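Q: generate coordinates for the sequence data below:
(one chain, ligands or ions: 2)
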Amino acid sequence: MPNHILLGIEIMQRGEQLYSGKAKTVYTTSDPGKLILLFRNDTSAFDGEKTAQLDRKGMVNNKFNAFVMQKLEQAGVRTHFESLRSDSESVVKRLEMLPIECVVRNIAAGSICKRYGVEEGIDLNPPTFEFFLKDDARHDPMINDYHIRSFGWATEHEVEEMKEKTFRVNDVLTQLFASGDMILVDFKLEYGRYQGELLLGDEFTPDGCRIWDKATREKLDKDRFRRDLGGVVEAYEQVAARLGVPLD
Ligand code: ADP
Ligand code: UDP
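A: Ligands and ions are numbered 1, 2, ... in the order given. Below is the predicted model of the structure:
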């Protein structure tokens, strides 16, 4: 029996490296419709200007992402997630990614505070939505529906779908985090095309969202790294434990 078949389960073989980003490496597989995402321990902020290696982060984020993607699938949100391959790798559907970041904010924090001079921590009612162009060299500029359509980054239908799906994710995950006495402050999602459908791609982990403890508003996300608060991965593990994400 070939060594990639264990107990009758075929382990997807890793092919060539397709792309290495700031936190993940993407590999092809023997199936042209599937990719392997390797979640690395690398962490970065401020468009890659500040970087570090954090022990266990790749494993924690890989398992956290798998857990959240499965919750979203159960709630009817179609995602690229297929299966966990190892502690730090997942198999996903290969998407044609749109070069767009979708951000929903329930509470003001981060760039929106600087941009509009608002205080961190104020409620945004209704939650607000922003598009950003995925372009580190240009510091991911904010863009609007018209930019997306005029420059051909996505169709009008896809623009509407991204908004609808991202708000649906917000509804599902706001409740999920509330069940662990946490507040989902904001988050970023990326989408891609797959066989004529728009699927949620990339990741949902504490690297790409803000999560606060409900009672103390202690930061439990990547702001701990951005602001040198320490205990970054420990905070991610605490969030995972509160949600019941199996890590070991
Ligand atoms: P970045 O590119 O921002 O540095 P990462 O290090 O997380 O980010 O790299 C992962 C890359 O893989 C991202 O560019 C992301 O858009 C892309 N990606 C995520 N999911 C998929 C998918 N299912 N198919 C194709 N590409 C994907
Ligand atoms: N975010 C992300 N990748 C980016 C930009 C933002 O994951 O390239 C996430 C970020 O972690 C936060 C939300 O999107 O949860 C909103 O980020 P913001 O615009 O406030 O930017 P920041 O000040 O965090 O760079």
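
Q: which one of the residues in the chain is closest to ligand 1?
A: Per C-beta to the nearest ligand atom, G21 is where the chain lies closest to ligand 1, at 2.2 Å. Yep, even glycine has a C-beta here, placed from its N, CA and C like the rest.

Q: who touches the longest helix anywhere in the chain?
A: When the chain is parsed with DSSP state H, its longest helix is helix 156-179. Identification of contacts with helix 156-179 by C-beta atoms under 8 Å, 6 or more residues apart in numbering yields 68, 71-72, 75-77, 98, 100, 102, 104, 106, 127, 129, 131, 145, 148-149, 154, 183-184, 187, 189, 191, 198, 200, 204, 211, 214, 243.

Q: wait, does that helix contact ligand 1?
A: No: using C-beta under 6 Å from any ligand atom, helix 156-179 never reaches ligand 1; the gap is at least 13.9 Å.

Q: what's the burial count for the residue of the chain closest to ligand 1?
A: 14 (other C-beta atoms under 10 Å).

Q: ligand 2 versus that one, what's the distance?
A: 11 Å (C-beta to the nearest ligand atom, to the nearest Å).

Q: any idea which helix or strand comes after the longest strand along the chain?
A: For the chain, the strand with the greatest residue count under DSSP state E is strand 123-133. Counting by DSSP states H and E, the next helix or strand C-terminal to strand 123-133 is strand 142-143.

Q: which elements pack onto that following strand?
A: Packing partners of strand 142-143 (3 or more C-beta pairs under 8 Å, 6 or more residues apart in numbering; DSSP states H and E): strand 123-133.

Q: in the strand it packs on, what's buried?
A: Residues 124, 127, 130-133 are the ones in strand 123-133 that count as buried (16 or more other C-beta atoms under 10 Å).

Q: next one: stretch 55-72
A: The neighbour-count check on stretch 55-72 (16+ other C-beta under 10 Å) flags 57-69, 71-72 as buried.

Q: likewise stretch 227-237?
A: 232-233, 235-237.

Q: enumerate the residues of this structure near ligand 2.
A: 101, 103, 110-112, 140, 186-188, 208-210, 222.

Q: re the thing from before, got the angle for the longest helix of the chain vs strand 123-133?
A: 140 degrees (axes from the mean of the first three to the mean of the last three C-alpha atoms, to 10 degrees).

Q: give me the contacts around the helix or strand following helix 156-179.
A: Counting by DSSP H and E, the next helix or strand C-terminal to helix 156-179 is strand 182-189. For strand 182-189, contacts defined as C-beta under 8 Å, 6+ apart pick out 101-107, 109-110, 132, 162, 165-166, 169-170, 173-174, 177-178, 200, 202, 204, 208-214, 217, 220-221, 239, 242.

Q: which of these are buried?
A: Buried by 16+ other C-beta under 10 Å: 101-107, 109-110, 132, 162, 165-166, 169-170, 173-174, 177, 200, 202, 204, 208-213, 220-221, 239, 242, out of these.

Q: check the chain for the residue nearest ligand 2 and tell me.
A: As assessed by C-beta to the nearest ligand atom, ligand 2 sits closest to G110 within the chain, at 2.3 Å.

Q: tell me which residues touch that residue, please.
A: Contacts of G110 by C-beta under 8 Å, 6+ apart are 186, 210, 223.

Q: ok, now how distant is it from T205?
A: With distances taken as C-beta to C-beta, to the nearest Å, G110 is found 16 Å from T205.

Q: can you check V232 too?
A: Taken as C-beta to C-beta, the span from V232 to T205 is 12 Å.

Q: overlap in contacts, these two.
A: Common neighbours of V232 and T205 (C-beta under 8 Å, 6+ apart) do not exist.

Q: my guess is D207 contacts N61. True?
A: Yes: at 6.2 Å, D207 and N61 qualify as touching, with contact defined as C-beta atoms under 8 Å.
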